[in-house]
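**Q** Output the structure for:
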Amino acid sequence: QVQLVESGGGLVQAGGSLRLSCVASGRTFNTNAMGWFRQAPGKEREFLAAISGGGSTDYADSVKGRFTISRDNAKNTVYLQMNSLKPEDTAVYYCAARTYLLSSRSANQYDYWGQGTQVTVSS
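**A** Okay, here's the model as predicted:
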């Protein structure tokens, strides 16, 4: 059974940093695309960042220059380093995986999802 488990969320002041982790189990995703999304109350799920099986990265304009996605294939883990956090970054953050090499900005292109981790940024 495939599972994605996020961790690293929490409460941080504006301008602070957090690093989210997503550990996959049940299969390896070393050659598959992984992504990070978030969803704030009353809003649609929003694409943040993705990394392809080959290591290419893609970012939403809203987080480019502040967030960095990376992966450690030996640990079957993907990370999201978040710097210069803003109150509008407050949301539940989700990790997702594709059974495909190339990344996508569309949530419906991802096959597996984690349960989410809450990030709250205070002003």
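**Q** ok, the spatially most central residue of the chain to S123 distance?
**A** Taking CA atoms, centre = their mean, the centroid of the chain lies closest to W36, which sits 2.3 Å from it. Distance, W36 to S123, using CB to CB, to the nearest Å: 23 Å. (Glycine included, C-beta is placed from N, CA and C.)
**Q** cool, G15 as well?
**A** With CB to CB as the criterion, G15 and S123 are 10 Å apart.
**Q** still on that earlier bit, got the contact list for the residue nearest to the centre of the chain?
**A** 20, 22, 48-50, 67, 69, 78, 80, 93-96 (CB atoms under 8 Å, 6 or more residues apart in numbering).
**Q** now, the most widely separated pair of the residues you listed?
**A** Across these, no pair lies farther apart than F67 and A96, at 15.2 Å, counting by CB to CB.
**Q** okay, these two: which has more neighbours?
**A** A96 (23 against 20; other CB atoms under 10 Å).
**Q** separation between that one and L80?
**A** 12 Å.
**Q** What of Q115?
**A** Taken as CB to CB, the span from Q115 to L80 is 15 Å.
**Q** higher neighbour count, those two?
**A** L80 (27 against 11).
**Q** Apart from its neighbours in sequence, what residue is nearest that one?
**A** Nearest non-adjacent residue to L80, counting by CB to CB, 6 or more residues apart in numbering: L20, 4.3 Å away.
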